[in-house]
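# Sharing a sequence plus its predicted fold:
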Amino acid sequence: DHTSTHTTHTTNTTQHKREMSNYNQPRIIQLEEGWNDQIKAKAIDVLIDILDNNFEGGRKGFDPGEYIPIYTTCYDMCTQRSPYNWSRDLYNRHGETIQNYLTRTVLPALRQENGIQLLKQLRVRWKNHVIMNNWLKKFFTYLDRYYVKHHSLPTLSEAGLRHFKIQVYDVIKSDACSAILDMVNQHREGSVIDKDLVKNIVELFEAMGMGNLEAYTADLEAALLTGTSEYYKRQCQQWIVTDSTPDYLIKTERALEEERARVADYLNSESEGKLLNCVENELLESVELELLEKEGSGCRFLLANDKSEDLQRMFNLFGRLEHGLEPMASIVQKYITSKGDECHTAREERLKVEKAKEQNVDPEFISALLELHQKYLNVIRTDFAGHALFQKALKDAFVDIVNRKTGKYSNAELMSGYCDRILKSGGGEKLSESEVEGKLDRIVQLFSYLTEKDLFAEIYRTQLSKRLLTGRSLSDDSEKFMIAKLKLQCGTQFTSKMEGMLGDLAVGSDYRSEFDARMRQDNFSTKLDFSVQVLTTGFWPSSKTVNVVPSTEMTKCMGEFKKWHDSKHAKRKLTYMFALGNATVRAVFGKKSYDIQVATLQAIVLDALNGGVTYTFTELAEKLNLEEAVLKPLMHSLSCGKFKVVKKEPSGSKINTTDTFMANPKFSASTRKFRIPMASLDATHNVKRVEEDRTHAIEASIVRTMKARKTLAHQSLVAEVLSQLAFFRPNAKTIKMAIASLIDRQYLERSADDNGVYNYLA
């Protein structure tokens, strides 16, 4: 019994092992069985039926209970050992399934349509293809994970896209492109189109690039750009005939905005720049000059009629072109120059009509230039956004306007005279401090275009000295403001003497206080209210020295001042400039007394004629030690002007050496205080000195350049010298003469090898 029981036990164990072995070996799925019975029947055919019936019943795909068995079948067929591993076959049949569906169902359906219906059908078929591709990828996911990677094949999604591209897209892309272009043109003409439809088809073109935009660019964008150019070329031909320049540009602006919106609505963003470029080329670049020069509405017309909004639009649109602003800037420059010509012509006509003696002050002319400059400076800042091309146009125009001479006086003299009129008390204009500064600010802007800045400086300095010494300066603050503006424009060297003049006056105030205290301390007695202003020779313009014999009282005061001054500054030499001084004379005619403001020389003459004495011209000249050239304008101011405080015999408006003079006993004036002006004994500026300074500046520039370069050709040297000279612009002949002078003085020599080359001599 024991043996029998043992045997039975052994037999049962063997049977259990066999059953376990059968369980560990899954059933082999044959290719056709798995494909036909499972994958095709339960997945592919069902999916195609869903797509063909347009998702009837609301079915969108497969639920997990349907999807997981299909996925498992594919997984098992791909993981069976060779020769039963069906990965390659399944990959191929995946492609064949898509290919067959596209060629047998999709393409025939598309070929039946055209135009917008083609696009609608294409949208449906593309959407279905995306769904089909996604589900097939899910079913065959295991292929992507191992088989595709191992064999470096396109992924299932890529393969699906490639099949659609080859079987469908390549066949219908041309018709689809034409249909899209038709819709775009309809949209341009104002028709309402299905933007979403166009956008969906554009997305299809983008997808066909497989990760880039090559398909979109080549198959749609190229034709779109060509069509856009043709469309706007037709528009241009029509608009240029019927519309004014502003209306044309409004339409162009609108077209650009619409094309930009079109891209945002349904095209790829990469197309925006290219599309707008087509519009710009056809509507702007091809007809730019015609638009700018159009009679009655072009750029000149807009400037002449202050059409700010139209000018801004013109600037913005032509600014889109690479060289679009250059012709416009050229027109602006010529127009501003022509307005400057009108100012010069008006001055010429005025000088002819007035036929009076021309003066070095013409506020009307300078004001016209200032207004012109301010107006177009504002235009360039506001309408042209301060663009460098238009700033240069303004500069070039005003360099021409400001440096053109009309009449006897240069613009440097007229501008300095304008400044003098503003800065002089009683100059003719009553202005607030801010108005004065505003006018000075604008005149310095005009001054910046002047080539003869050194001449302006010389004249301005002379006029400044007269204002300061006669006490007729409007205010120290205004004088300092103007000098600070000139300094900012031209540097310290340009204004150092002017600043020195103001410095002398500041120090002079302390001197006078100290001298007055000394006179009181010494109990110095005088009938005069005597003060002296000490000037530094180098700062002030050179003036005519008049060795007049002053009055006794004046001589006494001068002696006292010299004594005090020598005690402080023993090595400084004092020279009295009587032509620059001024005085107030208390005069009594009959029962009325007057305070007369005169120059120091006039005061000396009046003192000599005091008490009713009579002198001939010759006697007076001898008594006062005055030359005829000085005494004549002196006596003219006192006996022939508005206030004839001196009686001349014989009477007349001209001074002769045979005339006799005495105080006018019948003199009477309506005002108690008045001023008797006198013609200046000095010119407004020293032309010879300006020329000498220019010669020195040219020679210094030549030597400085040659010292650095050692050897230089003639033209290069001339160009270098011109670039260095900031305050005036000499002509080439003047520079050539300066070079010749330096060669004679052995600073330079001509090269032995080339006569047109110079060498520096150390």
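Thanks, I have the structure now. Please read these numbers as outputs of a predicted model, since none were measured by experiment. Numbering: from 1, shown residues only.

# So, low pLDDT: which residues of this protein?
1-25, 57-58, 355-356, 427-428, 682-689, 762 (pLDDT under 70).

# where along it do the strands fall?
582-589, 592-599, 614-616, 646-649, 660-663, 673-675, 711-713, 748-750, 757-760 (DSSP state E).

# Any chance of JSON lines for these, columns distance to Ser465 and mean neighbour count?
(Each C-beta comes from the backbone N, C-alpha and C, glycine too.) Output for these, formatted as JSON lines (distance: least, Cβ to Cβ, whole Å; neighbours: other Cβ atoms under 10 Å):
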{"stretch": "strand 582-589", "distance to Ser465": "13", "mean neighbour count": "14"}
{"stretch": "strand 592-599", "distance to Ser465": "14", "mean neighbour count": "18"}
{"stretch": "strand 614-616", "distance to Ser465": "32", "mean neighbour count": "15"}
{"stretch": "strand 646-649", "distance to Ser465": "28", "mean neighbour count": "19"}
{"stretch": "strand 660-663", "distance to Ser465": "30", "mean neighbour count": "18"}
{"stretch": "strand 673-675", "distance to Ser465": "18", "mean neighbour count": "14"}
{"stretch": "strand 711-713", "distance to Ser465": "41", "mean neighbour count": "16"}
{"stretch": "strand 748-750", "distance to Ser465": "38", "mean neighbour count": "16"}
{"stretch": "strand 757-760", "distance to Ser465": "40", "mean neighbour count": "18"}
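
# who wins for proximity to Leu90 among these?
Among the strands of the chain, the nearest to Leu90 by Cβ to Cβ is strand 711-713 (84.5 Å).

# and that closest one, which strands flank it?
Paired with strand 711-713 in the same sheet, following DSSP bridges, are strand 757-760 (antiparallel).

# Can I get the strand it pairs with in PDB, CA atoms only?
The C-alpha trace of strand 757-760 is given here as PDB (Å, rounded to 0.1, in the frame of the first residue of the first chain):
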ATOM      1  CA  VAL A 757      53.000 117.400 -51.700                       C
ATOM      2  CA  TYR A 758      54.400 119.300 -48.700                       C
ATOM      3  CA  ASN A 759      56.900 118.300 -46.000                       C
ATOM      4  CA  TYR A 760      57.000 119.700 -42.500                       C
END
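
# what does that strand contact?
Contacts to strand 757-760, defined as Cβ atoms under 8 Å, 6 or more residues apart in numbering, come from residues 706-707, 709-714, 717, 739, 743, 747-751.

# if you set the cut-off to 6 Å instead, what comes out?
Residues from elsewhere that reach strand 757-760 (Cβ atoms under 6 Å, 6 or more residues apart in numbering): Met706, Lys707, Lys710, Thr711, Leu712, Ala713, Leu748, Glu749, Ser751.

# Kindly report the same for stretch 739-753.
For stretch 739-753, contacts defined as Cβ under 6 Å, 6+ apart pick out Val703, Met706, Val757, Tyr758, Asn759, Leu761.

# Okay, buried residues for it please.
Ile739, Leu742, Tyr747, Leu748 (16 or more other Cβ atoms under 10 Å).

# from the middle of its chain, how far away would that stretch be?
Here the centre of stretch 739-753 is set off from its chain's centre by 44 Å, with Cα atoms, centre = their mean, to the nearest Å.

# okay, how far is it across it, tip to tip?
With Cα to Cα, to the nearest Å as the measure, stretch 739-753 spans 18 Å from end to end.

# Report the two of the buried residues of stretch 739-753 separated the most.
Ile739 and Tyr747 (9.3 Å).

# thinking again about what came up before, can you redo the buried residues of stretch 739-753 as JSON lines, where the extra columns are distance to Asp510?
Shown next, in JSON lines, are those (distance: Cβ to Cβ, whole Å):
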{"residue": "Ile739", "distance to Asp510": "49"}
{"residue": "Leu742", "distance to Asp510": "46"}
{"residue": "Tyr747", "distance to Asp510": "46"}
{"residue": "Leu748", "distance to Asp510": "50"}
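
# and the residues you listed, which of them are in helices?
Among the buried residues of stretch 739-753, the members found in helices (DSSP state H) are Ile739, Leu742.

# nearest residue to Val721 other than its sequence neighbours?
Spatial nearest neighbour of Val721, excluding adjacent residues (Cβ to Cβ, 6 or more residues apart in numbering): Ser701 at 4.7 Å.

# hang on, the one you found packs against Ala719?
No - using Cβ atoms under 6 Å, Ser701 is not in contact with Ala719, being 11.6 Å away.

# out of those two, which sits in the more crowded spot?
Ser701 (20 against 15; other Cβ atoms under 10 Å).

# Quick check: the gap between that one and Val718.
Taking Cβ to Cβ, to the nearest Å as the measure, Ser701 falls 11 Å from Val718.
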